[in-house]
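Colleague: Give the three-dimensional model of this entry:
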Amino acid sequence: MTTFYSIDDANAALAEVEPILSALRDERQELIRLRDRTLAGRANGGTAAEIKEEERRLRLKMQGLIDQMQAGVMRLDELSVTLRDIESGLIDFPALVSGRQVWLCWRLGEGPIEFWHELETGFSSRRQLIDLA
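Modeller: Below is the predicted model of the structure:
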């Protein structure tokens, strides 16, 4: 069941949500770094056994990161927060305004929530909260 957020509730939830988004962004960057390192290891040579062992070690690290990321995404889902983009930390909070469902839109680095958009639109169509009145 979806939880609908008031603006105040969404802003209060940022205290829990922001660290999750920061962690997801960092874990994503580390996952990409490890993937690239795995690919580079094949190109750099070494014995077949050395390459295989290094790949195994890197894949275990990658799986650990994937598990951590899944836990973060699951927590956001439990909070009824919709993750739109990990890299920028873009999320939407479901909200009801005068009986109409909208998204309260926020991303990492922003202060309190100041934007919203219709269900059918996205980030590029977000508008200031004052426009909801």
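
Colleague: And Asp9, which helix or strand is it part of?
Modeller: When elements are assigned from DSSP states H and E, Asp9 belongs to helix 7-44.

Colleague: what comes up buried for that helix?
Modeller: Of the residues in helix 7-44, those scored as buried under the neighbour-count criterion (16 or more other CB atoms under 10 Å) are 7, 10-11, 13-14, 17-18, 20-21, 24-25, 27, 30-31, 34, 38, 41. The C-beta positions use only the backbone N, C-alpha and C, and glycine is treated the same way.

Colleague: How about stretch 121-131?
Modeller: Within stretch 121-131, the residues that qualify as buried by neighbour count (16+ other CB under 10 Å) are 126, 129.

Colleague: With just CA atoms, put that stretch into CSV.
Modeller: These are the backbone C-alpha positions of stretch 121-131, laid out as CSV (Å, rounded to 0.1, in the frame of the first residue of the first chain):
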residue,chain,number,x,y,z
THR,A,121,5.7,13.6,-16.3
GLY,A,122,9.2,13.5,-14.9
PHE,A,123,12.1,15.6,-13.7
SER,A,124,12.1,17.9,-16.7
SER,A,125,8.5,18.9,-16.0
ARG,A,126,8.9,19.6,-12.3
ARG,A,127,7.5,22.8,-10.9
GLN,A,128,7.9,24.7,-7.7
LEU,A,129,5.6,23.8,-4.8
ILE,A,130,4.0,27.2,-4.8
ASP,A,131,2.4,26.2,-8.1
